[in-house]
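K.L.:
Okay, sequence plus prediction incoming.
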Amino acid sequence: MGVAGRPAWRTCAAAVVAVWAVPVAVSLLLLWLPLLCCAVAVVRFRRARRRLMRGCGVGVGRPGSSSSVDAAGGYRLGLLQKYLEDQMELVGAEAADLFRDLSQEKRVD
C-alpha cells in the first residue's frame, strides 16, 4: 500500500490501462462489426442456397467429387432436350396449320 491519501502506483497503472483500453476496444469492435455482419450474411446465404439446391433434387457435392455434378448435369440436359423437342413439335404443328391455311387462301383467290 502507498502512503495514506496517495494511491499505489499499481492502482494508477490499472486506471491508465483501463482508460486507454476501453476506447481502443470499442473502436475495434465498431470497425469489425460490419465485417462480422457480412460474414454472417454470407454463411446464411450459402446455407439457404444449399438447402434450396437439395430441395430441387440437385445434388451438391464436394468440390473434389464430380459424380453428383455430372449426374445433375445429365439429368438437366435430358430435361432440356425433351423441352426443346416438345417446343419443336408445337412450332412444327402450328407452322403446318398456318401453311395449310395460307395455301387454302391462295387457292380461293
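P.N.:
Sure, I can see it. Numbering: from 1, shown residues only.

K.L.:
where in the chain is pLDDT low?
P.N.:
Along the chain, segments meeting pLDDT under 70 span 1-5, 56-72, 106-109.

K.L.:
Let's see that with 80 instead.
P.N.:
For the chain, the stretches flagged by pLDDT under 80 are 1-7, 54-74, 92-109.

K.L.:
ok, residue 73 to residue 21 distance?
P.N.:
55 Å (CB to CB, to the nearest Å). For every residue, glycine as well, the C-beta is placed using N, CA and C.

K.L.:
Sorry, slip of the keys, the one I care about is residue 96.
P.N.:
Where residue 21 is concerned, residue 96 sits at a distance of 83 Å (CB to CB).

K.L.:
on contacts alone, who are the packing partners of the longest helix anywhere in the chain?
P.N.:
With DSSP state H setting the assignment, residue counts place helix 9-55 as the longest helix in the chain. For helix 9-55, there is no helix or strand it packs on, judged by 3 or more CB pairs under 8 Å, 6 or more residues apart in numbering; DSSP states H and E.

K.L.:
start at 18 instead
P.N.:
Yep, numbering from 18; the last one is helix 26-72 now.

K.L.:
and residue 96, what helix or strand is that in?
P.N.:
For residue 96, the element it lies in under DSSP states H and E is helix 84-125.

K.L.:
Also residue 24?
P.N.:
If you go by DSSP H and E, residue 24 is not part of any helix or strand.
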